[in-house]
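*Asks:* Pasting a predicted model and its sequence here:
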Amino acid sequence: MEFEKLNIIPPILRALREKGYETPTPIQKQSINAILQKRDILGCAQTGTGKTAAFSIPTLQLLHEEQKFEQGRKKIKSLIVTPTRELAIQIGESIEGYGKYLKVEHTVIFGGVKQYAQTKKLQRGIDILVATPGRLLDLINQRYVDLGHIKIFTLDEADRMLDMGFINDIKKIIARLPAKKQSLFFSATMPPTIVDLTNKLLVNPVKVAVAPVSSTAENVEQALYHVDKKNKKNLLLHVLQNKDIESALIFTRTKHGANKVTKFINQAGINAEAIHGNKAQNARQRALQNFKSKRTKVLVATDIASRGIDIDELSHVINYEIPNIPETYVHRIGRTGRAGASGIALSFCDWEEKAYLKDLEKLIKKPIPVIEGHPFPLSSTPPRSIKPKPKKNSRFRHYRRKG
C-alpha cells in the first residue's frame with residue numbers, strides 16, 4: 001500500500017484500507033507530506049483529482065498528534081470552507097471515513113436548514129469545522145463559532161467561490177483568523193482576484209499543480225447523438241424509455257434549462273428532480289438523497305450544483321447540452337463508471353454546439369462514436385441563426401477588386 005510511504009499513521013492507514021484505497025493520486029503524493037510538515041499549500045486542481053483526501057488525511061493526523069496536549073472542551077482548530085452544501089457534506093463524510101479510528105471530532109454547517117442541530121454540535125466542542133461561507137458568518141455573528149484557535153485553514157474550490165459571489169464573505173472570514181496558521185488553498189483556476197487572495201493568505205507555499213483532466217475512464221462507454229435543438233426533448237424521452245437505464249444524471253448548462261427539462265420528463269411520467277443554485281439547500285439535498293436511494297430515476301443538474309455528487313451505482317450520464325468548457329465534459333461523464341463499475345455517457349449535439357464538440361474531442365484525443373438511425377436526426381443544413389465563418393482575408397480581396 002503506497003500510502004504507507006507518505007508517513008501516514010496506522011489508524012488512518014487502516015481506515016484507508018477499509019475504504020479500498022491503494023495508490024495515492026498525484027495531488028495526494030505531492031500534498032500530504034508537505035502538509036504534515038506544516039507548510040502552506042497552493043493547489044491548482046480540479047474536482048475529481050483526490051484533493052479532499054489530500055488535505056483531510058494530514059489535517060486529521062496533525063490534530064490527532066496534538067490531542068495529547070489538549071485540555072478542557074474541544075476548540076475549533078481546523079476550518080474547511082467550501083462553496084456548496086453538497087461539497088461540504090462530501091468533505092464531512094470523507095473526514096468521518098478517514099478518521100474512523102481517531103478521536104478527532106468534526107461537524108458540517110451550511111445554510112438552507114434550521115441551525116439548531118448544528119449549534120448543539122458546536123457547543124459540545126469539535127476539532128474540525130466544515131462550512132459554507134454564509135452560514136459560517138451567520139454563526140460567527142451569533143457567537144456560536146470562534147475562529148481564534150484555528151491552526152489549519154483550508155479554502156476549497158476558490159474559483160467557484162468567486163463564481164458564486166462569495167469572495168467578499170471569504171475575505172471577512174480570513175480577517176477573523178489568527179495571523180499564525182497553516183493555510184491550504186485549492187482552486188481549479190487562478191483568476192486575478194484569486195491570485196491576489198493567495199498572495200495575502202499564503203506564506204512561502206508549496207505549489208501543487210495537477211494537470212487538467214484530459215482522459216476519460218476506459219470503463220465509461222461514450223456515444224453521441226446529432227440532433228436539432230428543437231428535438232432534444234423528444235430524443236431525451238426516447239432514450240429514457242430504454243429499460244437498461246436504471247438511473248440517469250442529466251446535465252444542462254443553465255438553471256432555467258434544468259427546470260424545463262425536469263418539467264418535461266415529469267409530464268412524460270418519469271420521476272425526475274432538478275438540482276441547481278436557485279433551489280433551496282434542503283430541496284437540493286432531498287433531491288440528491290432521493291436519487292441515491294433510487295426513489296427518483298432522473299436527476300437534472302447544472303455543473304456548479306453537481307459538485308459533490310458522488311454515486312457509486314450510476315448507470316448513465318446524459319449531456320443534454322454539450323458543455324462550453326471541454327474539461328467539464330470529462331468531469332461530467334466521470335460521475336458514472338465509479339468503483340470499478342461500468343457506465344454509459346450519452347451526449348446530444350445540435351448545430352450550435354458543434355464547435356464545443358470539436359474542442360472536447362481535441363481534449364480527449366479521440367472522436368466520440370456517433371449513434372446513427374435514431375428518430376430525430378440532425379437536419380442537413382444549419383439554422384439561419386448560425387452564420388458561416390467569413391473566409392480568411394476576404395476583406396483584403398475586396399479592396400484589391402476595387403483598386
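*Replies:* It's in.

*Asks:* residue boundaries of the strands in the chain?
*Replies:* In the chain, the strands defined using DSSP state E lie at 41-44, 78-81, 106-109, 128-131, 152-155, 182-187, 206-209, 220-226, 248-251, 272-275, 298-301, 316-319, 343-349.

*Asks:* what would these look like in JSON lines with mean neighbour count and mean pLDDT?
*Replies:* Heads up, the C-betas are built off the backbone N, CA and C, glycines and all. Formatted as JSON lines, the strands of the chain follow (neighbours: other C-beta atoms under 10 Å; pLDDT from 0 to 100):
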{"stretch": "strand 41-44", "mean neighbour count": "23", "mean pLDDT": "92"}
{"stretch": "strand 78-81", "mean neighbour count": "24", "mean pLDDT": "98"}
{"stretch": "strand 106-109", "mean neighbour count": "23", "mean pLDDT": "97"}
{"stretch": "strand 128-131", "mean neighbour count": "26", "mean pLDDT": "98"}
{"stretch": "strand 152-155", "mean neighbour count": "23", "mean pLDDT": "98"}
{"stretch": "strand 182-187", "mean neighbour count": "24", "mean pLDDT": "94"}
{"stretch": "strand 206-209", "mean neighbour count": "17", "mean pLDDT": "90"}
{"stretch": "strand 220-226", "mean neighbour count": "19", "mean pLDDT": "94"}
{"stretch": "strand 248-251", "mean neighbour count": "26", "mean pLDDT": "94"}
{"stretch": "strand 272-275", "mean neighbour count": "24", "mean pLDDT": "92"}
{"stretch": "strand 298-301", "mean neighbour count": "26", "mean pLDDT": "94"}
{"stretch": "strand 316-319", "mean neighbour count": "26", "mean pLDDT": "95"}
{"stretch": "strand 343-349", "mean neighbour count": "23", "mean pLDDT": "94"}
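
*Asks:* May I see these arranged in TSV, with distance to Leu378 as well?
*Replies:* Converted to TSV, the strands of the chain look like this (distance: least, C-beta to C-beta, whole Å):
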stretch	distance to Leu378
strand 41-44	38
strand 78-81	45
strand 106-109	45
strand 128-131	46
strand 152-155	44
strand 182-187	38
strand 206-209	39
strand 220-226	4
strand 248-251	20
strand 272-275	25
strand 298-301	23
strand 316-319	15
strand 343-349	8
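
*Asks:* what's the pLDDT at Arg397?
*Replies:* pLDDT recorded at Arg397 is 41.

*Asks:* how close does Asp156 get to Leu137?
*Replies:* Using C-beta to C-beta, to the nearest Å, Asp156 is found at 17 Å from Leu137.

*Asks:* So for those two, which residue has more residues nearby?
*Replies:* Asp156 (24 against 19; other C-beta atoms under 10 Å).

*Asks:* isn't that one right next to Ile80, touching?
*Replies:* Yes - using C-beta atoms under 8 Å, Asp156 is in contact with Ile80, at 6.4 Å.

*Asks:* who touches both of these two?
*Replies:* 55, 91 (C-beta atoms under 8 Å, 6 or more residues apart in numbering).

*Asks:* hey, where'd the helices end up in the stretch 1-150 of the chain?
*Replies:* In the stretch 1-150 of the chain, helices defined by DSSP state H, counting those that start in this stretch lie at 10-18, 26-36, 51-66, 85-98, 116-124, 133-141, listed in chain order.

*Asks:* Go through those and name the closest to Ala345.
*Replies:* Nearest to Ala345 among the helices of the stretch 1-150 of the chain is helix 85-98 (20.7 Å), distances taken as C-beta to C-beta.

*Asks:* mean confidence score for that closest one?
*Replies:* 92.

*Asks:* Tell me how far that helix lies from the chain's centre.
*Replies:* A distance of 12 Å separates the centroid of the chain from that of helix 85-98, by C-alpha atoms, centre = their mean, to the nearest Å.

*Asks:* try stretch 62-78
*Replies:* Taking mean C-alpha positions (C-alpha atoms, centre = their mean), stretch 62-78 and its chain are 30 Å apart.

*Asks:* can you list contacts of it?
*Replies:* By C-beta under 8 Å, 6+ apart, stretch 62-78 touches 9, 11, 35-36, 38, 59, 99, 102-105, 124-129, 145-147, 149-154.

*Asks:* Quick check: which of the strands of the chain is nearest to Ala15?
*Replies:* strand 106-109 (14.0 Å).

*Asks:* Can you give me every residue that contacts the closest residue in space to Asp359 that isn't next to it in sequence?
*Replies:* Leaving aside its chain neighbours, Asp359 sits nearest to Pro326 (4.7 Å; criterion: C-beta to C-beta, 6 or more residues apart in numbering). Counting by C-beta under 8 Å, 6+ apart, Pro326 touches 356, 359-360, 362-364.

*Asks:* now do Lys51
*Replies:* Taking C-beta under 8 Å, 6+ apart, one finds 27-28, 31, 43, 45, 156, 186, 210 in contact with Lys51.

*Asks:* One more pass at 7 Å, please.
*Replies:* 27, 43, 45, 186 (C-beta atoms under 7 Å, 6 or more residues apart in numbering).

*Asks:* before we move on, what about Phe110?
*Replies:* With C-beta under 7 Å, 6+ apart, Phe110 has these contacts: 85, 88, 132, 135, 281.

*Asks:* Let me have those residues in CSV, extended by neighbour count and distance to Lys297.
*Replies:* Supplementary listing: the contacts of Phe110 in CSV, determined by neighbours: other C-beta atoms under 10 Å; distance: C-beta to C-beta, whole Å:
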residue, neighbour count, distance to Lys297
Arg85, 24, 23
Ala88, 24, 26
Thr132, 25, 29
Arg135, 21, 31
Gln281, 18, 23
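
*Asks:* Could you work out the most separated pair of the contacts of Lys51?
*Replies:* Maximum distance among the contacts of Lys51 (C-beta to C-beta): 8.8 Å, for Ile27 and Phe186.
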